[in-house]
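# 3D, please:
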Amino acid sequence: MKAKANRERVDVELHMGAPILTIVRIMLQYLSMCQDVPSEDSAQINRNSPRVFGLGRLGLLGGGLLSSAMGGFHFFLPYLFGWGPQLGNVPPEIRWGTFAINFFMSYLMLAGGVLTLVSCWCWRENEPVTRDLGIVVVMGSFWVMNLIYQLAFPFPVHPTLWWVRALLIVFALVTALSYGLPFARVALRIPSKHPSAETVTPSV
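Numbers count the residues shown, from 1 in each chain. A predicted model of the protein is given here:
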């Protein structure tokens, strides 16, 4: 019993302790990238691209918050739902793999959500920022695949808890659509209608 309790304690420490410092470092590094001005043309774009709160930024904010929330929640999921006792009779490799996959996925969702929020801070409506587009594509495709998987293989719940299954599907749909807003804004080059985001040509 003592050995089992120690193993559970080690599991908790392993799955709860690691990612915070790494995520903070990623966030600080990415914020410093937002201050870099690689060329005169880029500087001109930055001066003429105010941080207005358009659809692109709204999508990044929503997608970042939802992804971060789900990633943070997933770290605690095995302990909230008692995975340990349920996996007590399975081979150690499967037990380790189950907890490890959840831990890695949780970290990636949380880190992706944080980077999305940093991208929201750096976002400019009429600037073709390829690094932000990369985060949008990766995280957006993740939630699209999440939605497709849930529709193809519905989450097994008791019939009285059908709303849990529906909630998970709606969550994935809303998050995917949130990432779709900045993707459309940049990839499809939708012109901004905000007057302050337009480049003003000085009169002679």
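
# so who does the residue nearest to T116 when sequence neighbours are not counted touch?
Using C-beta to C-beta, 6 or more residues apart in numbering and skipping the chain neighbours, the partner closest in space to T116 is G64 (3.4 Å). (Each C-beta comes from the backbone N, C-alpha and C, glycine too.) Taking C-beta atoms under 8 Å, 6 or more residues apart in numbering, we find G64 in contact with G113, V114, L115, T116, L117, S119, C120.

# of the residues you listed, which is the most crowded?
Compared across those, T116 has the highest neighbour count, 28 neighbours, by other C-beta atoms under 10 Å.

# got a list of what that one touches?
L60, G63, G64, S67, S68, I135, V136, M139, Y179.

# return the set of buried residues in stretch 78-91.
Residues of stretch 78-91 classed as buried by neighbour count (16 or more other C-beta atoms under 10 Å): P78, W83, G84, L87.

# and what about P154, helix, strand or coil?
Secondary structure state of P154, per DSSP: H, G, I helix; E, B strand; the rest coil, is coil.

# OK, contacts around it?
R165.

# from V164, how far off is it?
To V164, P154 is 11 Å away according to C-beta to C-beta, to the nearest Å.

# got it, and A184?
Distance from A184 to V164, by C-beta to C-beta: 31 Å.

# so for the two, which residue has more residues nearby?
A184 (15 against 12).

# most neighbours among the contacts of T116, which one?
Counting by other C-beta under 10 Å, top hit in the contacts of T116: G63 with 30 neighbours.
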